[in-house]
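Chemist: model this:
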Amino acid sequence: MRSDWLTQGPAIARFEAAVAARCGARYAVAVCNATAALHIACLAMGIKPGDRVWTSPNTFVASANCARYCGAVIDFVDIDPDTLNLSVDKLAKKLAEAERAGRLPQLLIPVHFAGQSCDMANIRQLADRYGFRLLEDASHAIGGSYRGLPVGACSFSDAAVFSFHPVKIITTGEGGMVVTNDEKLYRQLLLLRSHGITRDPDLMEGENEGAWYYQQVALGFNYRMTDMQAALGESQMIRLDGFVARRRELVARYQKAFADAPIQLQSVIESTDPAWHLFIIQTLRPEQRRPLFNALRAAGIGVNVHYIPVHTQPDFGRLGFRRGDFPYAEDYYERAISLPLYAGLSDEDQDYVIEQVLKGLRG
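Modeler: So this is what the prediction gives:
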């Protein structure tokens with residue numbers, strides 16, 4: 001606050017460097033929120049009107065809307081009922097059908113739901129076979145790992161996006177970031193986040209007229225993060241490992257407490273260490289969800305549901321999607337409850353949550 005900068009100053013570069021270093025990525029571009037990050041990542045990858053982009057229906061609407069902002073045609077791949085992430089088997093089947101129909105996607109956006117990485121190595125194999133690009137929606141997953149690599153290393157993708165919304169693992173109030181190892185993609189992201197304007201003579205057309213001079217060389221956006229937000233984010237990065245360690249402790253306590261309870265828990269993919277943004281329980285039958293949800297809310301517990309399947313939203317219905325299109329995502333939604341999970345949750349408060357869940361299940 002005492003510095004000479006409030007926006008797009010040195011704190012931005014420090015925060016970007018901290019995230020890139022933690023993830024093992026070459027480049028990072030901070031923006032005002034993760035939706036903006038998804039949007040400019042799609043544009044930087046060349047997504048244009050009429051292109052096809054696929055994602056998971058079990059996500060927040062931004063994972064699909066980013067493609068629509070580019071004029072692309074959105075579609076979904078159903079989830080695995082155990083991991084709750086995009087199903088590799090369903091993806092393989094849908095790609096084979098799309099190839100026969102001449103309707104392969106240009107981009108896939110796998111969503112690391114609840115902080116657990118998708119099976120990116122096998123998804124990468126399909127991307128190489130069918131020729132589409134990969135953008136990881138890692139909004140839930142900073143601090144997690146897959147096959148011994150940090151989420152965001154982009155070893156199996158073109159880029160990854162993080163969210164720093166207040167409910168996420170670390171926060172900048174609002175904010176997002178794209179990480180990548182692709183220098184060309186990085187340069188395009190820098191342009192797109194700030195009006196498409198540059199002062200770099202190498203990117204300009206014609207003669208540089210002086211120190212004041214700039215050019216708009218692309219149609220960009222005002223998606224910039226402030227220095228104040230970046231300074232908060234940099235301080236949060238110092239605490240990231242502690243936050244994630246505590247979340248893992250809390251998840252282990254939940255898993256032990258509910259081991260014999262009549263509910264379904266999210267399975268963990270082999271060689272994956274989730275960051276655990278969310279902890280989900282599923283009732284065995286849909287009709288059990290609302291009474292349990294209401295009982296927990298009545299007991300003062302701030303449970304929620306993540307997520308309403310994107311394709312069931314009215315705006316997506318106008319695109320032709322219908323209930324029944326992605327049955328695993330729909331079945332999951334009808335039985336899901338998100339329990340409190342944050343680094344500051346005490347053992348005592350968690351014990352109360354566990355007690356009330358077990359009480360609610362007994363009816």
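
Chemist: Tell me the bridge partners for the nearest residue to A25 once chain neighbours are set aside.
Modeler: With Cβ to Cβ, 6 or more residues apart in numbering as the criterion, A25 has its nearest non-adjacent residue at 3.9 Å, and that residue is V179. No exception for glycine: its C-beta is placed from N, CA and C like everyone else's. Assessed by DSSP bridges, V179 has beta-bridge partners A28, A160.

Chemist: Looks like V179 contacts S157 (just checking).
Modeler: No - counting by Cβ atoms under 8 Å, V179 stays clear of S157, with 9.7 Å between them.

Chemist: Please say which of those two ends up with more neighbours.
Modeler: V179 (32 against 24; other Cβ atoms under 10 Å).

Chemist: Report the secondary structure state of the residue nearest the centre of the chain.
Modeler: When Cα atoms, centre = their mean is applied to the chain, the residue found nearest the centroid is S139 (2.7 Å). When classified by DSSP: H, G, I helix; E, B strand; the rest coil, S139 comes out as coil.

Chemist: what does L192 give?
Modeler: State at L192, reduced to three classes by three-state DSSP: helix.

Chemist: what about it, neighbour count?
Modeler: L192 - counted by other Cβ under 10 Å - has 24 other residues nearby.

Chemist: measure it to C32 for me?
Modeler: 12 Å (Cβ to Cβ, to the nearest Å).

Chemist: Likewise for P286?
Modeler: Applying Cβ to Cβ, the value for P286 to C32 is 38 Å.

Chemist: now L91
Modeler: 31 Å.

Chemist: How about the backbone phi and psi for the nearest residue to the residue nearest to the centre of the chain once chain neighbours are set aside?
Modeler: The spatially closest residue to S139, leaving aside those adjacent along the chain, is S163, at 3.6 Å (Cβ to Cβ, 6+ apart). Note on S163: backbone dihedrals following degrees, to the nearest 10 are phi -110, psi 140.

Chemist: give the contact list for S163.
Modeler: Each residue near S163 by Cβ atoms under 8 Å, 6 or more residues apart in numbering is listed here: N33, A34, A37, S139, H140, G175, G176.

Chemist: so V161 touches V178, yeah?
Modeler: Yes - using Cβ under 8 Å, V161 is in contact with V178, at 5.5 Å.

Chemist: hang on, the earlier thing: return the member of the contacts of S163 nearest to T55.
Modeler: Distance to T55, by Cβ to Cβ, is smallest for S139 among these, at 12.1 Å.

Chemist: mind listing what the closest one touches?
Modeler: For S139, the contacting residues are A34, F60, V111, H112, V161, F162, S163, H165, K168, G176, H277, by Cβ under 8 Å, 6+ apart.

Chemist: ok, now R246?
Modeler: A343.

Chemist: and it, which of the three is it?
Modeler: Using three-state DSSP, the structure places R246 in helix.

Chemist: Need the residues touching each of V161 and V178.
Modeler: A37, A41.

Chemist: Just to check, A37 is in contact with V178?
Modeler: Yes - using Cβ under 8 Å, A37 is in contact with V178, at 4.8 Å.

Chemist: Residues that sit against both of those two, list them.
Modeler: With Cβ under 8 Å, 6+ apart, A37 and V178 have common neighbours V29, V31, V161.

Chemist: Turn those into TSV, including distance to A329 and neighbour count.
Modeler: What follows is these, written out as TSV (distance: Cβ to Cβ, whole Å; neighbours: other Cβ atoms under 10 Å):
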residue	distance to A329	neighbour count
V29	30	29
V31	28	29
V161	21	32
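
Chemist: Same list, those residues, but as a markdown table with distance to I308 and pLDDT please.
Modeler: A markdown table is the format used below for the shared contacts of A37 and V178 (distance: Cβ to Cβ, whole Å; pLDDT from 0 to 100):
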| residue | distance to I308 | pLDDT |
| --- | --- | --- |
| V29 | 30 | 98 |
| V31 | 25 | 98 |
| V161 | 21 | 98 |
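
Chemist: between those, which is closest to D82?
Modeler: V161 (24.8 Å).

Chemist: show me what contacts the closest one?
Modeler: Counting by Cβ under 8 Å, 6+ apart, V161 makes contact with 34, 37-38, 41, 135-139, 176-179.

Chemist: If we use 6 Å, what do you get?
Modeler: A34, A37, L38, D137, V178 (Cβ atoms under 6 Å, 6 or more residues apart in numbering).
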